[in-house]
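Trainee: sequence and computational prediction follow.
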Amino acid sequence: AHTVLDAISILKVKYKLEPEYNCFGTLRGRYGEDLLEKKKKLKLKSVIYRGYVPAEIAYKEVAKSSAGICLMEPEHDIINSYPTKLFEYMALGVPVIASDFGYSHDIITKSECGILIKDNDPNLVASAIKHILLNPEVVENMGKKGQEYVAEHFSWEKEELKLLCFYDELLKESQFKHNN
C-alpha cells in the first residue's frame with residue numbers, strides 16, 4: 001500500500017492527476033497508522049480507506065474501478081501462491097496492475113489482462129495507472145480478456161474435474177494400501 005500511495009503522489013505532482021483509490025479491509029497496528037500518516041503527509045485526499053465492507057458491496061464497488069492493484073513482496077511463501085484478489089479483479093472484468101513474479105506474472109502474461117510491475121517501483125505503478133486512466137479502451141479490452149481467461153481456466157466447472165480426479169487418485173491409493 002505504501003507503493004500505491006507513492007505512485008498516486010507521483011501522479012498528483014508530475015501529471016496533476018489524483019485518481020480515487022479505494023482500499024477495502026481494516027488497517028491494523030503500526031502498519032495501518034503508518035499508511036494513514038503517509039496519506040496525510042502526501043495530502044492524498046483521493047485515497048479512501050473504506051475499512052471492512054461486506055464482500056457483495058465491495059465487489060460492486062471494485063467492478064466500477066478502472067484497475068485493481070495487486071502488489072506483493074516476493075517472499076518465499078508468496079512467490080508460488082495464487083493471489084485471490086487477482087482472480088477477483090479478473091472475474092469482475094477489472095484490469096490488473098500486479099507485481100511481476102510468480103503466478104501473477106504467468107497469468108497476466110497469458111491472459112493479457114493487466115500490467116506487470118518490476119520491483120514494485122512506484123514510478124512504474126504511476127505510469128501504469130496513468131496509461132489505464134488515459135486509455136479507456138485499454139480498460140475494456142484488458143477487463144474482457146481477464147474475465148474470459150478466468151471463465152476458461154478457473155471456473156468451478158473446470159476445477160471440479162481436477163478435484164474429482166484428485167479424490168479418485170486418493171481413494172485408489174487408500175484402497176491399494178488397505179488391500180496390501
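Mentor: In hand now; what should we look at?
Trainee: just the buried residues of stretch 71-89, please?
Mentor: 71, 72, 83, 86, 87, 88, 89 (16 or more other C-beta atoms under 10 Å). C-beta coordinates here come from the backbone N, C-alpha and C atoms, glycine included.
Trainee: on the pLDDT front, check the first one for me.
Mentor: Among the per-residue scores, residue 71 shows a pLDDT of 94.
Trainee: which residues does it contact?
Mentor: Each residue near residue 71 by C-beta atoms under 8 Å, 6 or more residues apart in numbering is listed here: 3, 4, 97, 98, 99, 117, 120, 125.
Trainee: so which of the residues you listed comes closest to residue 26?
Mentor: residue 4 (16.8 Å; C-beta to C-beta).
Trainee: my guess is that closest one meets residue 68, correct?
Mentor: No - look at residue 4 against residue 68 with C-beta atoms under 8 Å: they stay out of range, at 11.2 Å.
Trainee: sorry, back to before: can you tell me which two in the buried residues of stretch 71-89 are farthest apart?
Mentor: Counting by C-beta to C-beta, the most remote pair of those is 71 and 87, 15.7 Å apart.
Trainee: and the residue nearest the centre of the chain, how far from residue 117?
Mentor: In the chain, the C-alpha nearest the mean C-alpha coordinate belongs to residue 70, at 3.2 Å (C-alpha atoms, centre = their mean). According to C-beta to C-beta, to the nearest Å, residue 70 stands 10 Å off from residue 117.
Trainee: any common contacting residues for the two?
Mentor: Joint contacts of residue 70 and residue 117 (C-beta under 8 Å, 6+ apart) are 97, 98, 99.
Trainee: so what strands line up beside the helix or strand the first one falls within?
Mentor: The reference is to residue 97. Using DSSP states H and E, residue 97 sits in strand 96-99. According to DSSP bridges, strand 96-99 forms sheet pairs with strand 68-70 (parallel), strand 114-117 (parallel).
Trainee: after the longest one, which helix or strand is next?
Mentor: Helices and strands here follow DSSP H and E; after strand 114-117, the next one along the chain is helix 122-134.
Trainee: how distant is that following helix from the center of its chain?
Mentor: 15 Å (C-alpha atoms, centre = their mean, to the nearest Å).
Trainee: which parts of that helix are buried?
Mentor: 122, 124, 125, 126, 127, 128, 129, 130, 132, 133.
Trainee: again with stretch 10-27
Mentor: For stretch 10-27, a neighbour-count test (16+ other C-beta under 10 Å) marks 10, 11, 12, 17, 18, 19, 21, 23, 24 as buried.
Trainee: in strands, which of those appear?
Mentor: 21, 23, 24 (DSSP state E).
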